[in-house]
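[1] Mind folding the following:
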Amino acid sequence: MSSSPDTVAREVARRRTFAIISHPDAGKSTMTEALALHARMISEAGAIHGKAGRKSTVSDWMEMEKARGISVSSTALQFNYEGNVINLVDTPGHADFSEDTYRVLTAVDAAVMLIDAAKGLEPQTLKLFQVCRHRGVPVITVINKWDRPGRSPLELIDEISERIGLTPTPLFFPVGIAGDFRGVLDRRTGEYVRFTRTAGGATIAPEELLDAEHAAQREGSEWEAAVEESDLLSEMGQDHDEELFLAGETSPMIFASAALNFGVRQLLEALVELAPPPTGREGIDHHEREVTDPFSAVVFKVQAGMDSSHRDRLAYMRIVSGEFERGMVVTHAQTGKPFTTKYAQAVFGRDRSTVDTAYPGDVVGLVNAMALAPGDTLYTDELVQYPPIPSFAPEHFAVLRAESAGKYKQFRKAMDQLDSEGVVQVLRNEVRGDASPVLAAVGPMQFEVVTARMKTEFGVETSVQNLPYGLARRTDAESAEELGRQRGVEVFTRTDGAILALVSDKWRLQYIEKEHPKLTLEPLVAAAD
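    Residues are numbered from 1 along each chain as shown. Below you'll find the predicted structure:
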């Protein structure tokens, strides 16, 4: 029996669903663990690069992730914090997987932009911020690694304002320069939150709350400097305004050190107090499904091979409306066929637990969901179909071949699975045939993931041969024949039916467009679109 709309509304009000966006090495995996530590989900945090005796990050599971200290996959972590339900949708941390990150950002209501105190805004952060802006996702900014030497607070604030037009409104201001992190000034109360280090930063950092008078006595000139700079920001109008934050014009800011667990509680409380709860979503028919309407959800990620002990395939769905109950029969909007949700799980790193009920904002993994692909809609009651998730414009292309002809059957099965997960885009044409599909990717590391998973999950040794193409354009059947005759061009069909022309470089493309203006050559979605 499904819950009443009032019950669903109460559950929605206490949920916050967000992702962390950052450039590689800004500390995303460490911050993920620090948040889980503060929520008492784990007893001890471990940095991804692993000081002696510290564990590998709980949300990273592939061997490649462990070896390189990056996130390739995305995993959903759910935890309770002071009566609220926090859904942290982990994202790939490497630029080569920005398409996967884009999918994740369709499933969240807010984002935490993690910035390295020494490096400031970096290319991948900029790219992902533009995706958030495009999707209207409000952003909370965290200046991480304040325990290490870095730039001044006002310099970082100015850079964000000038480069991306987002006005930071610090909630807490650091006491002590970067590299000498003592605590933070709570700009709303005027009080001082003083942090104490723990051994290796493995446990929650104790906090001491002091009033302004005692803070001045304890920290002297460092406290006075923090107060003066905070007052300067107030004079410039850079105090938090919830309406401007939700409109994407300002960004609440927190200074932190994920490695030391400084500022982590402040981030959690900012998420609870300021980040928006889940809201309804508009279908392709422009009719909005409210959160209290009957059940609906969007699949944003499909993943297999997460653990050798679980030889299955998980489809992650973000619940948009209504209550989910395990075992309920829903309709797959893309095919109109029924889908039984008997095996529904929450996934935390390698650990899984059964999900019996879930509400809007929650992320649920459906096991052995062979028919589901990223962008698909599931629903009950009245038909709804949410807009598809666009594919990025690939920039790298390669032929994949099985080393042994006797492994063709496994090769074909593996290729179909990785394609449906969205690990890479798979292109085919009659000349190359099914035995030599062309892989199209945003970044070359996606090819490494394919070959690694081919070997470990399917026992197929493969080789990758790069192709001399630099860009792709969408075309049509009428243009395909002429394009196929052009030098430096090859035409393929993607699995979703799109016809793509691969072109050697932009100069060749310009020449063809000039000589054959009637041919269809449309740009694909790029990262900032």
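
[2] in which helix or strand would I find the residue of the chain positioned farthest from its centre?
    Here the chain reaches farthest from its C-alpha mean at residue 217, the gap being 43.3 Å by CA atoms, centre = their mean. Residue 217 belongs to helix 212-219 when assigned by DSSP states H and E.

[3] re the thing from before, tell me the spacing between the residue farthest from the centre of the chain and residue 446.
    With distances taken as CB to CB, to the nearest Å, residue 217 is found 56 Å from residue 446. Bear in mind the C-beta positions are built from the backbone N, C-alpha and C, glycine included.

[4] Can you dump the C-alpha atoms of the helix holding residue 217 in PDB for me?
    Provided in PDB are the C-alpha atoms of helix 212-219 (Å, rounded to 0.1, in the frame of the first residue of the first chain):
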ATOM      1  CA  ALA A 212      34.400  37.000  19.700                       C
ATOM      2  CA  GLU A 213      36.200  38.200  22.900                       C
ATOM      3  CA  HIS A 214      37.700  34.900  23.700                       C
ATOM      4  CA  ALA A 215      38.600  34.300  20.100                       C
ATOM      5  CA  ALA A 216      40.500  37.500  20.000                       C
ATOM      6  CA  GLN A 217      42.400  36.500  23.100                       C
ATOM      7  CA  ARG A 218      43.200  33.100  21.700                       C
ATOM      8  CA  GLU A 219      44.100  34.000  18.100                       C
END
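
[5] buried set for it?
    Within helix 212-219, the residues scored as buried using 16 or more other CB atoms under 10 Å are 215, 216, 218, 219.

[6] distance between stretch 127-145 and the chain's centre?
    The chain centre lies 11 Å from the centre of stretch 127-145; the measure is CA atoms, centre = their mean, to the nearest Å.

[7] as a whole number, average confidence for it?
    Stretch 127-145 shows a mean pLDDT of 91.

[8] ends of that stretch, how far apart?
    Terminal residues of stretch 127-145 lie 21 Å apart, using CA to CA, to the nearest Å.

[9] So which residues of the stretch 201-350 of the chain form strands?
    Remark: strands assigned in the stretch 201-350 of the chain by DSSP state E, counting those that start in this stretch are 207-210, 250-255, 281-282, 288-289, 296-304, 313-321, 324-325, 329-332, 337-340, 344-348.

[10] ok and the fifth one relative to strand 313-321, angle-wise?
    With axes from the mean of the first three to the mean of the last three CA atoms, to 10 degrees defining the directions, strand 296-304 sits at 160 degrees from strand 313-321.

[11] Name every strand pairing with strand 296-304 and say which way it goes.
    Using DSSP bridges, strand 296-304 pairs in its sheet with strand 313-321 (antiparallel), strand 377-379 (antiparallel).

[12] do you know which of these lies nearest residue 6?
    Closest to residue 6 of the strands paired with strand 296-304 is strand 313-321 (CB to CB; 14.5 Å).

[13] Just give the number of residues close to residue 332.
    Residue 332 has 17 neighbouring residues, counting by other CB atoms under 10 Å.

[14] hey, what's the nearest residue to it once chain neighbours are set aside bridged with?
    In this structure, residue 332 finds its nearest non-sequential neighbour in residue 339, 4.9 Å apart by CB to CB, 6 or more residues apart in numbering. Per DSSP bridges, residues listed as beta-bridge partners of residue 339: residue 330.

[15] and residue 339, what pLDDT?
    94.

[16] one step back: neighbouring contacts of the helix holding residue 217?
    Residues from elsewhere that reach helix 212-219 (CB atoms under 8 Å, 6 or more residues apart in numbering): 175-176, 182-183, 185, 190-192, 194, 210, 223-224, 227.

[17] would TSV of those with pLDDT, distance to residue 17 and neighbour count be doable?
    Below are the contacts of helix 212-219 laid out as TSV (pLDDT from 0 to 100; distance: CB to CB, whole Å; neighbours: other CB atoms under 10 Å):
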residue	pLDDT	distance to residue 17	neighbour count
175	97	32	25
176	94	33	19
182	96	33	21
183	97	30	28
185	98	30	25
190	97	32	12
191	97	30	16
192	98	32	25
194	97	32	18
210	97	34	17
223	97	37	22
224	97	40	13
227	97	35	19
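
[18] farthest pair in those residues?
    The span of the contacts of helix 212-219, defined through CB to CB, is set by 176 and 190 at 17.5 Å.

[19] Got phi/psi on the nearest residue to residue 271 once chain neighbours are set aside?
    Take residue 271 and drop its neighbours on the chain: the residue closest to it by CB to CB, 6+ apart is residue 16, 5.1 Å away. Main-chain dihedrals, residue 16, degrees, to the nearest 10: phi -130, psi 130.

[20] I'd like to know how far residue 16 sits from residue 140.
    Plainly put, residue 16 is 11 Å away from residue 140 if you go by CB to CB.
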